[in-house]
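Peer 1: give me coordinates for this.
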Amino acid sequence: MKKVSLMLGAMLLISCFALDLNGQIQTPAASPSAELKQTVGLTDVTIVYSRPSAKGRTLFAADGLAPFDKPWRLGANAATKFSFSEDVKIGGQKLKAGDYAVLATPGASEWKFMFYTYETGNWGSYIDKAPAATVTARPESWDYNVETMLFAINDVTANGASIQLFWGKTAVSLALEVNTDEQVMSSINKVMSGPSENDYYNAAVYYHDSGKDLNKAMEWIDKATAGGEPRFWQVRRKALIYADAGKTEEAIKAAKQSMELAEKAGNEEYVRMNKKSIEEWTAKKMKK
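Peer 2: Here you go, the predicted structure:
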């Protein structure tokens, strides 16, 4: 009995030790992370940042938490990240679609916002680099106190919006412009001009794989491969469709074209497939 008690005690001790090693105490972050998403026109805008709280501290001043005339990470923890799905303008400055690390230099009468092509969350790594764009804005004071730093995207229209930063009794706003008209016109022109070569190819593949009307599949695959630079896999599909439609001569011709294109592209697999098909279809043709 004594030996059993000792064994149980040892097991309990090991269990407690294991729990101590594996247990993790979770506490709330001092500056919680946040993600803001907003579609402006046809452009997706995303801001990822950490939200520090004022906690009675002086925020923007010569001796503030974010001192005047010194680069600031525009939040806490990692660099604040702006993402745009399309080309935009910020404060009149052009920015390509993509991700940007954004730093700010606060001032009494003017702020500077520096947009850097995003590489890392380490905000200090951007200070000595040239920004993709630098934008200025005038800070505004208001009566309402925002304890926890906040980004907002307001005044949203089809062509733009205001990206706003609120903290303490300070607000700063950046004008955002998007290319909605250009995007819509491009979409209209594309749709109104009719299906693309890829549309015809996908339709032909579906009809062929589904055993539907091969005449329609041939019509579409012809349109898909009618351009000056058809792809070897597209012409390979043309050969297969024509072969299944009983048009052996046309199938052999397409297979030869696909094989030549595959040789230029360095794709040995398609060269072998086409060569084998040509041999099979040629033998079939000779038996007739």
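
Peer 1: which stretches of the chain form strands?
Peer 2: Secondary structure of the chain (DSSP state E): strands located at 33-40, 43-50, 60-61, 66-67, 80-84, 88-90, 93-95, 98-105, 111-117, 133-137, 140-154, 160-178.

Peer 1: rebuild those as JSON lines, extending it with mean neighbour count and distance to residue 74.
Peer 2: Bear in mind the C-beta positions are built from the backbone N, C-alpha and C, glycine included. Formatted as JSON lines, those follow (neighbours: other CB atoms under 10 Å; distance: least, CB to CB, whole Å):
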{"stretch": "strand 33-40", "mean neighbour count": "15", "distance to residue 74": "12"}
{"stretch": "strand 43-50", "mean neighbour count": "20", "distance to residue 74": "7"}
{"stretch": "strand 60-61", "mean neighbour count": "17", "distance to residue 74": "12"}
{"stretch": "strand 66-67", "mean neighbour count": "19", "distance to residue 74": "9"}
{"stretch": "strand 80-84", "mean neighbour count": "21", "distance to residue 74": "4"}
{"stretch": "strand 88-90", "mean neighbour count": "20", "distance to residue 74": "13"}
{"stretch": "strand 93-95", "mean neighbour count": "16", "distance to residue 74": "16"}
{"stretch": "strand 98-105", "mean neighbour count": "20", "distance to residue 74": "5"}
{"stretch": "strand 111-117", "mean neighbour count": "20", "distance to residue 74": "8"}
{"stretch": "strand 133-137", "mean neighbour count": "18", "distance to residue 74": "12"}
{"stretch": "strand 140-154", "mean neighbour count": "14", "distance to residue 74": "9"}
{"stretch": "strand 160-178", "mean neighbour count": "20", "distance to residue 74": "8"}
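
Peer 1: can these go into a markdown table with extra columns for mean pLDDT?
Peer 2: Below are those laid out as a markdown table (pLDDT from 0 to 100):
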| stretch | mean pLDDT |
| --- | --- |
| strand 33-40 | 95 |
| strand 43-50 | 96 |
| strand 60-61 | 93 |
| strand 66-67 | 91 |
| strand 80-84 | 96 |
| strand 88-90 | 97 |
| strand 93-95 | 96 |
| strand 98-105 | 96 |
| strand 111-117 | 97 |
| strand 133-137 | 96 |
| strand 140-154 | 93 |
| strand 160-178 | 96 |
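
Peer 1: which one of the ones you listed lies nearest to residue 273?
Peer 2: strand 98-105 (39.6 Å; CB to CB).

Peer 1: please save the CA atoms from that closest one in PDB.
Peer 2: Only the C-alpha atoms of strand 98-105 are listed here, as PDB (Å, rounded to 0.1, in the frame of the first residue of the first chain):
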ATOM      1  CA  GLY A  98      -0.200  47.200 -53.000                       C
ATOM      2  CA  ASP A  99       0.900  47.200 -49.300                       C
ATOM      3  CA  TYR A 100       2.500  50.200 -47.500                       C
ATOM      4  CA  ALA A 101       4.100  50.800 -44.100                       C
ATOM      5  CA  VAL A 102       3.000  54.200 -43.000                       C
ATOM      6  CA  LEU A 103       4.900  56.500 -40.600                       C
ATOM      7  CA  ALA A 104       4.000  60.000 -39.500                       C
ATOM      8  CA  THR A 105       5.800  63.000 -38.300                       C
END
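
Peer 1: just checking, what packs against that strand?
Peer 2: strand 80-84, strand 111-117 (3 or more CB pairs under 8 Å, 6 or more residues apart in numbering; DSSP states H and E).

Peer 1: quick one: low-confidence parts of this protein?
Peer 2: With pLDDT under 70 as the threshold, the chain has low-confidence stretches at 1-23, 288.

Peer 1: how's it carved up into domains?
Peer 2: Domains of the chain are assigned by automatic domain parsing as 33-182, 195-287.

Peer 1: between the two ends of the first one, how far is it?
Peer 2: To tie it back to what came earlier, the one meant is domain 33-182. For domain 33-182, the first-to-last residue distance is 34 Å (CA to CA, to the nearest Å).

Peer 1: and the shortest one, by the same measure?
Peer 2: Domain 195-287 has an end-to-end distance of 40 Å (CA to CA).
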